[in-house]
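J.: the sequence and its predicted three-dimensional model are supplied below.
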Amino acid sequence: MGKRVFSVHTSFGIVDAVSQVFKELLPDVEQIPIVDDSLLADVRRAGYLTQAVTRRLVLYYLAAEAGGADVILNCCSSVGEAVDAGRPLVSVPIVRIDEQMARQAVQMASDIGVLATVETTLPPTTRLVQRAAVEAGRTIKVRQDLCTGAMDALFYEKDAAKHDRLVLEGIRRMAAENEVVVLAQGSMARLVPQLDAETAARVLSSPRGGVLKVKELLEQAR
């Protein structure tokens, strides 16, 4: 029986992007998305990851385990800390899509900018970067910034061009002020190729790193 990975999403925004990375890096793995866009809506309404949303995510992790998952990939940074609650309850690894990105950032620089399109993603992504720095024994400084209006433009106004313009402006602004820029939303990753080579080399995004970590875990389990 082939390997099976469940990806848990809180929006449809990066489902296709994540699936494409799986097809590239793990073409023989069955990848099954679980999508519940009410989760992110509830987090944005509350302003933080609530216990109710955490419980629902843990239920999805348990469902993935029951469905035969070899690895579970949590694909939303706003709810990434729910993984800490889920890991002790399931017998298969759960990967946060942004963990590898955070580790790479603290190895590359001590002056790190975190850029988001959803306000509730800034605190958990910053905490993740700070935790990676502690684990690596490195001292860092983190600045946060928000591309105000970008996410609403993408999902509510259906104006991808406006979203892209706001994000690119934000990346360039943060790149001028920081050694490395961490993109807190996976949906921002597709814009990196539009940057000049020098800037793009200092901009980190999550989907590829998350799938590479899944690949590493699957190879270790052989």
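T.: Thanks, I have it.

J.: secondary structure element for Val53?
T.: If you go by DSSP states H and E, Val53 is part of helix 51-66.

J.: lowest-scoring secondary structure element of this structure by mean pLDDT?
T.: Within the chain, confidence by mean pLDDT, DSSP states H and E is lowest for helix 150-155 among all helices and strands, at a mean of 83.

J.: can I get the CA coordinates of that one in CSV?
T.: What follows is helix 150-155, C-alpha atoms only, in CSV (Å, rounded to 0.1, in the frame of the first residue of the first chain):
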residue,chain,number,x,y,z
ALA,A,150,-4.8,42.0,0.7
MET,A,151,-6.7,39.0,2.0
ASP,A,152,-10.1,40.7,1.7
ALA,A,153,-9.2,41.6,-1.9
LEU,A,154,-8.4,38.0,-2.7
PHE,A,155,-11.2,36.2,-1.1
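
J.: packing partners for the next helix or strand after it?
T.: Next along the chain after helix 150-155, taking DSSP H and E as the criterion, comes helix 160-177. The contact analysis (3 or more C-beta pairs under 8 Å, 6 or more residues apart in numbering; DSSP states H and E) places helix 160-177 against strand 111-116, strand 141-146, helix 150-155, strand 180-183, helix 197-200. Yep, even glycine has a C-beta here, placed from its N, CA and C like the rest.

J.: 10 Å instead, please
T.: strand 111-116, strand 141-146, helix 150-155, strand 180-183, helix 197-200, strand 203-204 (3 or more C-beta pairs under 10 Å, 6 or more residues apart in numbering; DSSP states H and E).

J.: surely Gly170 touches Leu146?
T.: Yes - with contact defined as C-beta atoms under 10 Å, Gly170 and Leu146 form a contacting pair (7.9 Å).

J.: need the residues touching each of those two.
T.: Leu115, Ala116, Thr117 (C-beta atoms under 10 Å, 6 or more residues apart in numbering).

J.: what about the residue nearest to Met108 when sequence neighbours are not counted, distance to Glu216?
T.: Sequence neighbours aside, Val180 is the residue nearest to Met108 in space, at 5.1 Å (criterion: C-beta to C-beta, 6 or more residues apart in numbering). In this view, Val180 and Glu216 are 22 Å apart by C-beta to C-beta, to the nearest Å.
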